[in-house]
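J.: Give the three-dimensional model of this entry:
(2 chains)
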There are 2 protein chains.
Amino acid sequence: MERIEQHTCFGGRQEVWRHASAVLGCDMRFGIYLPSAALRGEACPVLYWLSGLTCTEQNFITKAGAQAYAERSGLILVAPDTSPRGEGVADDPAYDLGQGAGFYLNATQAPWAAHYRMQDYVAQELPALIEQHFPAMAERAIAGHSMGGHGALVTALRNPGRYRSVSAFSPIVAPSQVPWGQKAFAAYLGEDRQAWAQWDAVALIHAASPADHLPMLVDQGLDDEFLETQLRIELLEAACLEAGYLSTVRRHAEYDHSYYFIASFIGEHIAFHAGALRG
Amino acid sequence: MERIEQHTCFGGRQEVWRHASAVLGCDMRFGIYLPSAALRGEACPVLYWLSGLTCTEQNFITKAGAQAYAERSGLILVAPDTSPRGEGVADDPAYDLGQGAGFYLNATQAPWAAHYRMQDYVAQELPALIEQHFPAMAERAIAGHSMGGHGALVTALRNPGRYRSVSAFSPIVAPSQVPWGQKAFAAYLGEDRQAWAQWDAVALIHAASPADHLPMLVDQGLDDEFLETQLRIELLEAACLEAGYLSTVRRHAEYDHSYYFIASFIGEHIAFHAGALRG
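T.: Predicted coordinates:
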């Protein structure tokens, strides 16, 4: 583990670390914001943030403005990269497959299966690393944007008991039913649709045990260019309604798919998670 | 004038425009944040932001998190590019000369004099454009970072009556005395040191008439790698003291030269300017 960036920010510290991931078989980077309470050695709960297609660990930490709220709430923020990377790692020239587009699942198909195990990385290896090396409590929440909103929902739903709360901006809620997800799932998981259901938030909500339901907050902009083709927030709403899964889904007139939308509401997401984590 | 980006953000709108600049003889871009009051047609005061070396109009609008505060204070934010650009515009391979490094002055030397008239652009042409096309009052404030902190101080000091207040993060306060400034001034202005003094904040503070003194706020991080060689905040403090120019200069332990520092204190700068503009 090597720290490659550190910047004081709102009284806490934004850092970037590089480490060898055993699960992914490559070097990985993550951003971590340590509020001043953590710098004083107090154990703090952790919010994991999963980013969208083409992103690295940099996008969220430079554009969302989340640090101000994390400092106020005493939350650690952890922002991993969106896929394995490096010379030996399979890739594809398209922006929506391969490096930068790991979809937070464990691939089963060649050539992806060797490195693309982002689910094990974000749900297991990374939290273990964080809880070993930083003053982090084993109290976790998870959030994300677009492909990372899918990742946050799926990771929370597949791992009962590991997270206290989940939230998403503009998530791909039903990857099995939209082009981005169908392309990625066919490549990473093959053509078996039953395998796809294990990585599809809408399918997992239908299958979830009521005892495992989590506080869930989802924000969606109505001027989002991907809303009707790739995101389809109405499928999440319908699934929650049918499954009796209580969730807060908010539509915001005029907001788009960008970090300007995330920045506008990240403070409310952090307050939501802080309530679940501290409550 | 063509709008090339628009994003709803904190209830207002972040836009990017491209226009033909007569002063610079090339196309230019600027970011403008319109708070919701401006979107309703209410005339709002304007804070101009000048960015540092290598930046474009994008850095401040994506990384500073200023929109939240501008919305609250009802301020328009305008963030121009840092130099003329384009194929016919002189350039240099170094990051600290030519495109991305205009130093907010009017060049007198070949090959720069043809396009490098950033002072006339930021102090004259751009405000006229903003006040013509947007619901902007002729009440202006100016701020900036590093080379843009130099730009903000010099522009305010050279144009008595045009601005209500000035602030800077990590400014180059005495370009005539440091390597960045000496290199740029020699290229853009030639070797006459008397010409340099017209673009040097410390020299201009000594020359300022007390009747023209403005509210001035300057923040400087103490872990800034450029502090001792390029920025030298102590020269500004000494000049203000000697000239009887009241200013607030704050040193912040542990903060560096990055946007993480700007984000941490931009809310206080906007409150400072809002007080001067509305007061």
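J.: how much space between the residue of chain A most remote from its centre and A:Leu129?
T.: When distances are taken from the C-alpha mean of chain A, A:Arg40 lies farthest, 27.3 Å away, according to C-alpha atoms, centre = their mean. Separation of A:Arg40 from A:Leu129 (C-beta to C-beta, to the nearest Å): 21 Å. In this view, the C-beta of every residue, glycine as well, is placed from N, C-alpha and C.
J.: residues of the helix ranked longest in chain A that come out buried?
T.: Of all the segments of type helix in chain A, defined by DSSP state H, the longest one is helix A:259-278. Of the residues in helix A:259-278, A:259-267, A:269-270, A:272-274, A:276-277 count as buried by neighbour count, 16 or more other C-beta atoms under 10 Å in any protein chain shown.
J.: Excluding sequence neighbours, find me the nearest residue to the closest residue to chain B within the stretch 101-250 of chain A.
T.: Nearest residue of the stretch 101-250 of chain A to chain B (C-beta to the nearest C-beta) works out as A:Asp223 at 7.0 Å. Spatially, and ignoring its direct neighbours in sequence, A:Asp223 is nearest to A:Asp256 (4.9 Å; C-beta to C-beta, 6 or more residues apart in numbering or on different chains).
J.: what's the distance between that neighbour and A:Tyr163?
T.: Taking C-beta to C-beta as the criterion, A:Asp256 is separated from A:Tyr163 by 28 Å.
J.: Quick check on those two: which one has the bigger neighbour count.
T.: A:Tyr163 (26 against 21; other C-beta atoms under 10 Å in any protein chain shown).
J.: helix, strand or coil for the more buried one?
T.: Secondary structure of A:Tyr163, reduced to three states by DSSP: H, G, I helix; E, B strand; the rest coil: coil.
J.: List phi and psi for it.
T.: The main-chain torsion angles of A:Tyr163 are listed as degrees, to the nearest 10 and equal phi -130, psi 150.
J.: Check the spacing between it and A:Ala271 real quick.
T.: Shown here: A:Tyr163 relative to A:Ala271, a distance of 17 Å by C-beta to C-beta.
J.: go on, A:Val178?
T.: From A:Val178 over to A:Ala271 the distance is 30 Å, taken as C-beta to C-beta.
J.: Which positions in chain A make contact with chain B?
T.: Taking C-beta under 8 Å from any C-beta of the partner chain as the measure of proximity, chain A contacts chain B at A:7-11, A:14, A:62-63, A:65, A:67-68, A:221, A:223, A:252, A:254-256, A:258-261, A:263-264.
J.: ok, so of the buried residues of helix A:259-278, who is nearest chain B?
T.: Taking C-beta to the nearest C-beta as the measure, chain B lies nearest A:Tyr260 of those, at 3.9 Å.
J.: from memory that closest one sits against B:Cys9, does it?
T.: Yes - because the distance of 4.0 Å satisfies C-beta atoms under 8 Å, A:Tyr260 is recorded as touching B:Cys9.
J.: Could you name every residue contacting both of those two?
T.: Taking C-beta atoms under 8 Å, 6 or more residues apart in numbering or on different chains as the contact criterion, the common neighbours of A:Tyr260 and B:Cys9 are B:Gln67.
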